[in-house]
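*Asks:* the following block contains a protein sequence and its predicted model.
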Amino acid sequence: MISSDSVELSLRNLSLDDSNCSGSDNEDSKILKWNLPLKDLYRLAFNFYKEKTGKAIHLSYEDNLKLVAFTQQAAHGPLDLTKAPPLGMFDVIGKDRRVAWQHLGTITKLQAMEGFIDLLDRLCPLFKPTVEAIKKDREEKVRQAQAEEARRREQLEKEKEKLVELKKIEDERNREEIQRRQLQDALNQQTYYQFKEYAEKQFPGNPEQQAVLIRQLQNEHYHQYMQQLQAQVASNYSQLRATGDNEMDSGNQLLGQTVSSKEVGQLEYKEQCESDDESGEYAVINPANMWTKPDVKLFKQEVTSGKGDGVIRVGHGDIITVRVPTHDGGSCLFWEFATDNYDIGFGVYFEWGKPVTTEVSVHVSESDEDDDTLEDDEALCADDLECGGQQQHKQYNTSSSSPMANTNPISIIVPIYRRECQTEVYAGSHNYPGEGTYLLKFDNSYSLWRSKTLYYKVFYTR
């Protein structure tokens with residue numbers, strides 16, 4: 001009697017002949033069983049049977065013979081005794097396997113595969129759940145691979161869009177830089193001879209210093225011109241927008257036209273102030289130097305601790321005027337200021353005439369008092385504080401009704417613009433044009449509700 005253990009041991013030596021059972025027919029791969037290709041399912045069943053026999057499953061001798069017969073039929077087709085190798089006299093198992101194989105008759109390889117799967121499923125209840133688990137695992141791997149591929153494609157698209165956006169930004173910067181250089185070159189050509197004449201007077205016989213001064217004046221002129229241009233564009237924005245994009249471009253081109261030599265002289269440095277004294281004229285008003293500093297907190301601490309001129313509360317709708325007379329021992333005025341939380345308007349004017357005192361004084365006026373000292377300038381900028389004004393050296397007399405009433409002419413050095421002095425310290429300097437009094441204007445007239453805390457310092461140098 002042959003034991004089932006010896007049969008099971010011999011079954012472990014079985015191998016799946018992929019070259020025979022897989023075939024090359026494309027139609028065979030379309031045959032499905034349990035939603036899996038039949039040949040793939042057969043491989044899973046064969047491996048399960050080979051690995052689990054004697055461990056998780058225990059089959060009878062006859063059942064093992066049937067399963068082995070199906071594997072032989074699936075691998076080699078029907079039994080051909082003429083081609084089968086001879087068996088030994090005592091090879092009982094081999095004879096029984098051939099008999100079981102021969103009983104399968106002429107069924108095809110695919111039918112043998114399906115018969116093996118059905119028989120194994122009937123004999124072993126664990127087989128189908130195992131196949132389902134393997135199938136789910138495969139589907140999950142496929143899903144993860146697809147999700148990873150989708151994420152990779154999405155990342156590539158984002159990187160591509162980012163590169164395109166960076167390219168656009170770079171092109172826009174290059175275009176703006178080209179336009180800036182073209183505009184600055186045009187302005188420099190118009191102002192060169194005027195600035196050269198001025199530099200020759202300041203540094204006679206020193207071409208290097210003259211060139212440095214000319215370059216400084218040209219840079220200051222360009223920045224002031226751009227500030228006025230931006231203010232004009234802002235004031236006309238709504239009208240340009242209503243007329244459409246084409247007219248906006250035309251308006252920008254019109255505003256971007258280079259100024260005439262007369263306008264350059266008015267904007268920068270050359271207009272002279274006439275007076276009633278014996279000389280008949282005042283010195284040329286030079287442009288002021290303006291810059292900013294980042295240490296706002298430190299500056300406020302210095303002013304608060306008494307190292308600066310002081311702290312002023314500028315009420316809503318008010319205008320503060322700090323009057324700083326020229327000093328006999330000085331040649332240049334410096335100023336620095338900052339505010340808490342909000343911006344404030346700032347401008348510098350010069351009142352011609354010998355000061356009656358050397359003391360710095362502060363004058364407060366409300367917006368409805370209509371600061372008569374700057375009557376003509378306010379008429380020019382009545383609707384928009386930020387419009388600045390293009391005649392920077394215009395002269396006019398003050399009204400006798402003003403608290404600071406006098407008959408001395410006043411020149412505009414720095415037009416009033418709103419300054420973001422809550423984020424950085426605004427500073428500047430100006431060389432004395434002659435004897436007179438500087439008027440530092442801190443304008444909060446545009447604010448209907450907010451008062452501003454102003455920190456300021458003024459001093460002179462020799």
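*Replies:* Cool, got the structure. Numbering: from 1, shown residues only.

*Asks:* quick one: residues contacting Met113.
*Replies:* Neighbour list for Met113: Cys21, Leu38, Lys39, Leu41, Tyr42, Phe70, Ala74 [criterion: Cβ atoms under 8 Å, 6 or more residues apart in numbering]. From N, CA and C alone the C-beta is placed, and that goes for glycine too.

*Asks:* quick one: contacts for the residue lying closest to the second one once chain neighbours are set aside?
*Replies:* In other words, Leu38. The shortest distance from Leu38 to any non-neighbouring residue, by Cβ to Cβ, 6 or more residues apart in numbering, is to Ile31 (4.4 Å). Counting by Cβ under 8 Å, 6+ apart, Ile31 makes contact with Pro37, Leu38, Lys39, Leu110.

*Asks:* please pick the buried ones from these.
*Replies:* With neighbours counted by 16 or more other Cβ atoms under 10 Å, these contain buried members at Leu38, Lys39, Leu110.

*Asks:* per-residue pLDDT, the last one?
*Replies:* What it means is Leu110. Residue-level confidence at Leu110 comes out at 93, pLDDT.

*Asks:* give me the element it is part of.
*Replies:* Of the helices and strands defined by DSSP states H and E, Leu110 is found in helix 109-123.

*Asks:* after that helix comes which helix or strand?
*Replies:* Past helix 109-123, heading to the C-terminal end, the next element that is a helix or strand (DSSP H and E) is helix 127-202.

*Asks:* what mean pLDDT does that next one have?
*Replies:* Mean predicted lDDT for helix 127-202 stands at 91.

*Asks:* got the angle for that helix vs helix 109-123?
*Replies:* For helix 127-202 against helix 109-123, the angle between stretch directions is 100 degrees (axes from the mean of the first three to the mean of the last three Cα atoms, to 10 degrees).

*Asks:* that older thread, ok, so of the contacts of Ile31, who is nearest Arg153?
*Replies:* Using Cβ to Cβ, the shortest approach to Arg153 within the contacts of Ile31 belongs to Pro37, at 28.5 Å.

*Asks:* what pLDDT does the residue sitting furthest away from the middle of the chain get?
*Replies:* Distance from the C-alpha centroid of the chain, by Cα atoms, centre = their mean, peaks at Met89 (88.2 Å). Per-residue confidence for Met89 comes out at a pLDDT of 82.

*Asks:* remind me which residues of the stretch 201-350 of the chain are low pLDDT?
*Replies:* The model of the stretch 201-350 of the chain has pLDDT under 70 over residues 238-284, 307-308.

*Asks:* for Pro427, which non-adjacent residue is closest in space?
*Replies:* Not Pro; residue 427 is Ala. Glu336 (4.4 Å).

*Asks:* surely that neighbour is within a helix?
*Replies:* No - remark: Glu336 does not belong to a helix; assigned using DSSP: H, G, I helix; E, B strand; the rest coil, it is strand.

*Asks:* neighbour-wise, which one of the contacts of Met113 leads?
*Replies:* Going through these with other Cβ atoms under 10 Å as the criterion, the one with the most neighbours is Phe70, at 28 neighbours.

*Asks:* residues contacting that residue?
*Replies:* The contact partners of Phe70, taken as Cβ under 8 Å, 6+ apart, are Leu104, Ala112, Met113, Gly115, Phe116, Leu119.

*Asks:* please apply the same query to Val303.
*Replies:* By Cβ under 8 Å, 6+ apart, Val303 lies in contact with Asp309, Gly310, Val311, Tyr455, Tyr456, Lys457.

*Asks:* mind telling me what element the residue farthest from the centre of the chain is part of?
*Replies:* Taking DSSP H and E as the definition, Met89 sits outside all helices and strands.

*Asks:* could you check how far it is from Leu79?
*Replies:* 20 Å (Cβ to Cβ, to the nearest Å).
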